[in-house]
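>>> this one's structure only:
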C-alpha cells in the first residue's frame, strides 16, 4: 500500500484529503474535522471555520492530547474546534491510531436520524464492502456505535470514552445523530480508505 | 479563514465560483446569478444568458443599487438579468452583506414545490449542519423564508423587502418556489460556504 | 455569451462536449451522438462505437444531409451511426439549427418508460428552469414530444419528421422511449445549455 | 475506436482506469480488482489492499492462469487478492478475452440483494443502452447471471466456471450478491465501456 498521504507533512496531507472530501460533498460549508497524531502527547487538527476545499498550513492547530476536557492549544493562533475533544478521546483510547477523520454526508445524517430514538447502535449491511473494515465472515452481523448529539461536544467525547473503555468497538468508526461519522486508522491512508467504506455502507442503508 | 475568493478581483472571483457551482450541476443552462458588492452604491452581477461554466469579464454588469425597481446599468454593454432586482434588495436590506449567490438545484426546487401551497416558510432539519448558519442550539427550530415565484421579478424583490423589513430573517437565505435558493454573506467565502450549507439542508429534506 | 464551443473547429468542439458529458455519466459505454452542421448540405457527427470520453478527429464522419433515409458519408472511413438519420432530419426540419446533441441518462430513460404506453408527449414541470428553453409564462404548460424506440432508426427519424412537419415543437428537444433525449440549437453553446436544461427538467420529474 | 488504454503498458492502463473508477465511487476503500491478460499463461491484476485512486506499478501482481484453484504468483512481492481466482476463470473460459474489471457500487449491491433469494439471474431492462452489450432487438429479454457470495472466493470461481462451461452467458458480465459486477472484454477499452453500460443498467434497475 503506497502510503502517499502518510509520506506528506501532516498538514499538507490533511489539506489534500480535505480538498478530496470537499469535492465529494462530504465537507460542506466548513463542516468536519481531520486530524493526525503528531507525537505521543499531541495531534494536528483542522481549525474551526475554515473552508475545507482550500486549507493551508495556517488552518491547523496542534493540540495536547493529555486532557480532552480542557484542550490545550500548542500552536495558539488558529481557532480550536469544539469537536477536537472527540479526536482527543480517540487518540487516548487507541494507542495505535494515527489519524482520525470526521465528515458530514446527507446519507449518514439521514440514517442516523431514521434509527429508533433509543438505539445506541446501527446494524451494518452484510455486504462484501465490510471486508474493508476487516470483517471476514459468511454472514457478518456488525454494529456501528451511535451516539446522541449534544451541544456541549466534550460531553459526547466523554460518552464515547466511557462506552469504548467498557467495550472496544469492533468497527473503527462511530456515528453521531444528525452529525455524521468519525473514523480512525493506524495510518492516514487507512483512515481515508475506511471513511470511504463506512460512507458506502451508510449510503447503502440510506437507499434501502 | 483564507478569503481567497475575496482577495480576487470581483469578476474573477465570481467566475471561479460559477465554474465550481456549474460543475456540481447547480447552475445548469445559464441559470442562477452571482453578485458582489462593489461600493456603497453599486454591485457587480452576472449578465443574463451566459453559460456559468465559462464566464469572463464581459459577462458581468455593474448595477446601481439605489433603485431596485428601475435598475440602472453602470456598465451598459452586458444584458441585465431581471433577477438583479432581488440582489439589489438584499444589498439594500443588509448593509454588512458583500455577496449574494443564487443557484438552481433539483432538490431545492422539489422541496419548494412539495411544501403546502400556502406555506411562507420551510422548517429546516434540526441537524448539526445548521451550525454552518450560526445556529447553535440543542433542538434548533429554524425556518427558511419561502416566496412565490412571479413572472415579474421586481415583484418578488418587493415581497422580500417588505417581509424582511418587517422581520429580519434568522437564516441568511431565502427560497423561491420552483426557482431555488438565494444566499448572502459578509464575504464571498462566507456566502459560498452558506450556499453549501443550505443546499445540504434542502438535499436532506428532499430525501426524507 | 462567449460562444467558445462555436469558435472551435467542429470536431474539437464536439470532442470537448463529449468529454464533458461523458464525465457526468450522460454518454456511458460509447452511447449518444453529437453533431454540428458543416454547411447547407452536410453535418459532422460522432462515428459509431467510439468512447465519448476520448474522441479524436478520426472519430467523426461528415454526412450529406440531402437524403436522411439513405445517408451518404462524405468522409467514408469512420463507421456511421444509425442514429445519424435523426440528426439529419433535425437539420432538414429547422434551417436555423446548427447543432444537435443526443445523450442517455438514467433519469431520462426512467421518465420516458414511466409514461403511459400510449403517451406521445410528456408534461414538463412548471418550474423556473423552463426559462432556459425561452418559456416565459406565469403558469407554463409545456409538452416534450415523446417517440417510440424502433430498432430501425430511420423509422424513428421519419416519425419525427412527420410530426414536426405537421406541427413544429415548442421545445427544441424530443425524447425517445428508453433511449434518452435529443436537443438542438442555433449554436453549439445554445444546444449545450439546452441539454442541461432538459436533463434538469427530466431529473426533476424522475424524482417526483 | 482509439484503444488508448490498450496502447499503454498494462499496469499504467489499469492504474488510469482505477483512478477513473475510484473518482466515480466505484472502487471505494481499496475494493474491486482490475486485470489484463499478459500472455496465454498469465495475467496482471491489482494486488490486495491498495487504494485504487493512486496505484503504481508495485501494486500489481502477475498470476499464472493455468490453475485457478491454487493461484501461482509469477511476481511474488505484492499481495494476491482472493478474487484473482474469478479473473483466472474468466480468462480460461473465454480465450478472446483480454481484460476483466470488477467494481463495487451501491446500486449494483442493492439490486443484487433485492432479488429473490433463489434467483440465479436478473432481468436487465429492455432499454437502448443494451446495445452497448451488442443486444440489438426490438424487445430484448436478457438476463445477467447472479452468483452467491461465498467467503471462499475460489468456490465462487468454480461456480462461475461450471455454469458458463455448461452455457456461455449472452452478456459479458456477472453479478455476485452483495458484491458487485465483474465485466470482461476483448480489449481494455471494450471492458471499460461495458462496465459503464452494466452500471447504467443496474442503476436504472435500482431506481425503478
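Perfect, I can see it now. Predicted, not measured: the structure shown is a model, and the values here were computed from it.

>>> longest helix anywhere in chain A?
helix A:188-206 (DSSP state H).

>>> contacting residues around residue A:181?
A:102-103, A:105, A:108, A:173-175, A:195, A:198-199, A:202 (C-beta atoms under 8 Å, 6 or more residues apart in numbering or on different chains). (Each C-beta comes from the backbone N, C-alpha and C, glycine too.)

>>> and it, bridged to which residues?
The bridge-partner assignment for residue A:181, based on DSSP bridges, gives residue A:103, residue A:175.

>>> That one and residue D:106, how far apart?
Relative to residue D:106, residue A:181 is positioned 16 Å away (C-beta to C-beta, to the nearest Å).

>>> before we move on, what about residue A:77?
Residue A:77 is 41 Å from residue D:106, by C-beta to C-beta.

>>> Among these two, which residue is more densely surrounded?
Set residue A:77 next to residue D:106 and count neighbours by other C-beta atoms under 10 Å in any protein chain shown: residue D:106 wins out with 26 against 9.

>>> buried residues in the least confident helix or strand in chain A by mean pLDDT?
In chain A, the helix or strand scored least confidently by mean pLDDT, DSSP states H and E is helix A:4-7, which has a mean of 84. Neighbour counts over helix A:4-7 (16 or more other C-beta atoms under 10 Å in any protein chain shown) mark A:5-6 as buried.

>>> and it, how far from the chain's centre?
Distance, stretch centre to chain centre, for helix A:4-7: 18 Å (C-alpha atoms, centre = their mean, to the nearest Å).

>>> Can you tell me what sits against that helix?
Contacts of helix A:4-7 with the rest of the structure, by C-beta under 8 Å, 6+ apart, involve A:13, A:16-17, A:98, A:187-189, A:192, D:54.

>>> can you do 10 Å?
Contact with helix A:4-7 is made by A:12-14, A:16-17, A:20, A:36, A:98-99, A:186-192, D:51, D:53-54, D:56, as judged by C-beta atoms under 10 Å, 6 or more residues apart in numbering or on different chains.

>>> what helices or strands is the helix or strand following it leaning on?
Following helix A:4-7 in sequence order, the next helix or strand is helix A:10-23 (DSSP states H and E). In this structure, helix A:10-23 packs against helix A:4-7, strand A:33-39, strand A:42-46, strand A:60-64, strand A:99-103, helix A:188-206, with contacts taken as 3 or more C-beta pairs under 10 Å, 6 or more residues apart in numbering or on different chains; DSSP states H and E.

>>> Kindly recompute the last result at 7 Å.
In terms of contacts (3 or more C-beta pairs under 7 Å, 6 or more residues apart in numbering or on different chains; DSSP states H and E), helix A:10-23 is packed against helix A:4-7, strand A:33-39, strand A:42-46.

>>> Give me the buried stretch members for the second one, please.
Neighbour counts using 16+ other C-beta under 10 Å place A:33-38 of strand A:33-39 among the buried residues.

>>> okay, now the nearest residue to residue A:61 once chain neighbours are set aside: neighbour count?
Once flanking residues are discounted, residue A:61 sits nearest to residue A:78: 4.2 Å by C-beta to C-beta, 6 or more residues apart in numbering or on different chains. Residue A:78 has 19 neighbouring residues, counting by other C-beta under 10 Å.
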